[in-house]
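Visitor: 3D model of this:
(one chain, ligands or ions: 1)
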Amino acid sequence: MIPDYGLSCSEFGAVGLTLTAEVYDKLRTYSDFLVEYNENVNLTAITEPKEILRKHFIDSILLTKYAEIPDNSSFIDVGTGAGFPSVPLKIFRPDIKLTLLDSLNKRIDFLRQLCERLEIEAEFIHGRAEDVSKKPEYRENFDFATARAVANMALLSELCIPFVKKGGSFIAMKGPNEDISLGYNAVQLLGGSVVKTVDYDLFDEKRKIVIVKKISQTPPKYPRNSSQIKKKTL
Ligand code: SAM
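Guide: A predicted model of the protein is given here:
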């Protein structure tokens, strides 16, 4: 029997996920620490435990329903913020190898402390995706790149696809209103191909997951520098 800490287990059952007491305990620690830290450092507008559970944790973990993730896959979470989607994912799937990237150091500081409390192993990178993916040790070096709520599909593709190995995938987690087909040209230029889009319900809200397979190497000229990216998306 899993104890109820105010993060109700039945919420997980409602979306077809089951979790162990250990996972549940870690999510509770995460929720408590997020709320506490958020009093001094702006990490999230969502601070009510039930909403954190639904809109951050369940949304993140639902990724496992729509994408096939082989054991021991490596992930880079681009613009991870307070750790979404990849930290709940790592709690749910401890076998994955995790790299957390954000351009704001205060978020990376939070994540370091969070992962220490959760006894989670991860690599932390403070930097802009468009700079970091140029470094040989990160370029085309991950099985998966994920991003939730960071940028439109074209811009996000330029930030994420250069990190993905050929044969790997980029997973974009989006709201319902964006016309993601506006990003298809960018996906193709960067060596990707959209293989799946899933519209799903997150309780009373609509969400979308886009899965892009990396089918060829990203041309070395991408990503462009920040000012070029901002001026015009691909
Ligand atoms: N993914 C998290 C979530 O779903 O809650 C955070 C989303 S937040 C709206 C966007 C995050 O992306 C911020 O933490 C921001 O610092 C980061 N970010 C924006 N542009 C970035 C870039 N070019 N490289 C790395 N991080 C970036």
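
Visitor: CA only for contacts and neighbour counts going forward, please
Guide: Fine.

Visitor: As a check, name the ranges of all strands in this protein.
Guide: All strands of the chain, identified by DSSP state E, fall at 74-78, 97-102, 123-126, 142-148, 164-174, 192-202, 205-214.

Visitor: and the first one, what other elements does it pack with?
Guide: Of the remaining helices and strands, those touching strand 74-78 by 3 or more Cα pairs under 8 Å, 6 or more residues apart in numbering; DSSP states H and E are strand 97-102, strand 142-148.

Visitor: which residue ranges form the helices in this protein?
Guide: Ranges of helices in the chain, per DSSP state H, are 10-14, 21-38, 49-51, 59-61, 63-66, 86-92, 105-118, 129-132, 153-160, 184-189, 226-231.

Visitor: outside of the last one, which residues touch it?
Guide: Identification of contacts with helix 226-231 by Cα atoms under 8 Å, 6 or more residues apart in numbering yields Glu130, Leu155, Pro223.

Visitor: picking that back up, of all the helices of the chain, which one comes closest to Lys214?
Guide: Closest of those to Lys214 is helix 184-189, at 9.1 Å (criterion: Cα to Cα).

Visitor: can I get the CA coordinates of the closest one in CSV?
Guide: Provided in CSV are the C-alpha atoms of helix 184-189 (Å, rounded to 0.1, in the frame of the first residue of the first chain):
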residue,chain,number,x,y,z
TYR,A,184,9.0,20.5,-40.6
ASN,A,185,11.4,22.2,-43.0
ALA,A,186,13.8,22.9,-40.1
VAL,A,187,13.5,19.2,-39.0
GLN,A,188,14.5,18.1,-42.4
LEU,A,189,17.4,20.5,-42.8
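
Visitor: who touches that helix?
Guide: By Cα under 8 Å, 6+ apart, helix 184-189 touches 153-155, 157-158, 161, 193-194, 212, 218-219, 233-234.

Visitor: give me that answer again for 6 Å
Guide: Residues outside helix 184-189 that contact it (Cα atoms under 6 Å, 6 or more residues apart in numbering): Ala154, Ser157, Leu234.

Visitor: Could I have the buried ones of the residues you listed as PyMOL selection syntax?
Guide: Selecting only the buried entries of the contacts of helix 184-189 in PyMOL, with 16 or more other Cα atoms under 10 Å as the criterion:
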select buried, resi 154+157+234
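
Visitor: so can I have TSV of the helices and strands packed on strand 74-78 showing mean pLDDT, distance to Lys165 and mean neighbour count?
Guide: Shown next, in TSV, are the helices and strands packed on strand 74-78 (pLDDT from 0 to 100; distance: least, Cα to Cα, whole Å; neighbours: other Cα atoms under 10 Å):
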stretch	mean pLDDT	distance to Lys165	mean neighbour count
strand 97-102	98	15	22
strand 142-148	98	6	25
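
Visitor: So which of these is nearest Pro49?
Guide: With Cα to Cα as the yardstick, what comes closest out of these is strand 142-148 (20.0 Å).

Visitor: The closest one and the ligand in contact?
Guide: Yes: legend: contact between strand 142-148 and the ligand by Cα under 6 Å from any ligand atom is shown at Ala147, Arg148.

Visitor: Please apply the same query to stretch 42-49.
Guide: No: counting by Cα under 6 Å from any ligand atom, the ligand has no neighbours in stretch 42-49; the shortest distance is 7.1 Å.

Visitor: Quick one: distance of that stretch to the chain centre.
Guide: 17 Å (Cα atoms, centre = their mean, to the nearest Å).

Visitor: same question, stretch 24-31
Guide: With Cα atoms, centre = their mean, you get 18 Å for stretch 24-31.

Visitor: try stretch 131-150
Guide: Counting by Cα atoms, centre = their mean, stretch 131-150 comes out at 12 Å from the chain centroid.
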